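Asks: My questions concern the predicted model and sequence given below.
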Amino acid sequence: MALRPAKDIDWVAMTGLSPPDEWFGYVEATNHLVEGIGAIYRDGDDRWWVTFQRLPFVSKVKTAHKAAKQLIAAARERGIEVRAIADPRIDGAELWIERLGFQRTDETIEGHAVWLIQ
């Protein structure tokens, strides 16, 4: 298994959605299966967001953290401000994004805090 740049087909496989017009990311994959994806994408308001998703039986926290750090470094190289919303279904999600360097903002979306990293 290896961490590699993500492709449009990986986005579709992991999310079931069409890929955004602008995005980049990494996947953890075997020759036959994508186990997780970390991506940064531009929304319709010209803001960039980070998202992470993995298969339910996969718990590679160190790999996810490594991919997240690489994504953040790539965003910084591009001069991109990245936002995040902690998944309320995951215990410790806010702590994890805070450890990655995101800072909580006053903005909320549907009651969830928006986090920002520059």
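Replies: Arrived safely, thanks for sending.
Asks: any low-confidence regions in the protein?
Replies: Along the chain, the parts satisfying pLDDT under 70 run over 1, 55-61.
Asks: element containing the most centrally placed residue in it, please.
Replies: Centroid check for the chain by CA atoms, centre = their mean gives Thr51 as the closest residue, at 2.7 Å. Taking DSSP states H and E as the definition, one finds Thr51 inside strand 48-54.
Asks: Give me the buried stretch members for the lengthiest helix in the chain, please.
Replies: Longest helix of the chain, by residue count under DSSP state H: helix 61-77. Buried positions in helix 61-77, judged by neighbour count with 16 or more other CB atoms under 10 Å: 63-64, 67-68, 71-72, 74-75. (Glycine included, C-beta is placed from N, CA and C.)
Asks: same thing with stretch 10-23?
Replies: Buried residues in stretch 10-23 (16+ other CB under 10 Å): 10-11, 14, 19-20, 23.
Asks: So what does Glu94 have for phi and psi?
Replies: Dihedral angles of Glu94 (phi, psi; degrees, to the nearest 10) stand at phi -60, psi -40.
Asks: Quick one: the strands in this structure, in order.
Replies: Using DSSP state E, the strands of the chain run over 2-5, 23-29, 34-42, 48-54, 82-84, 103-109, 112-117.
Asks: Okay, now stretch 19-28: how far is its last residue from its first?
Replies: Taking CA to CA, to the nearest Å, stretch 19-28 runs 18 Å from one end to the other.
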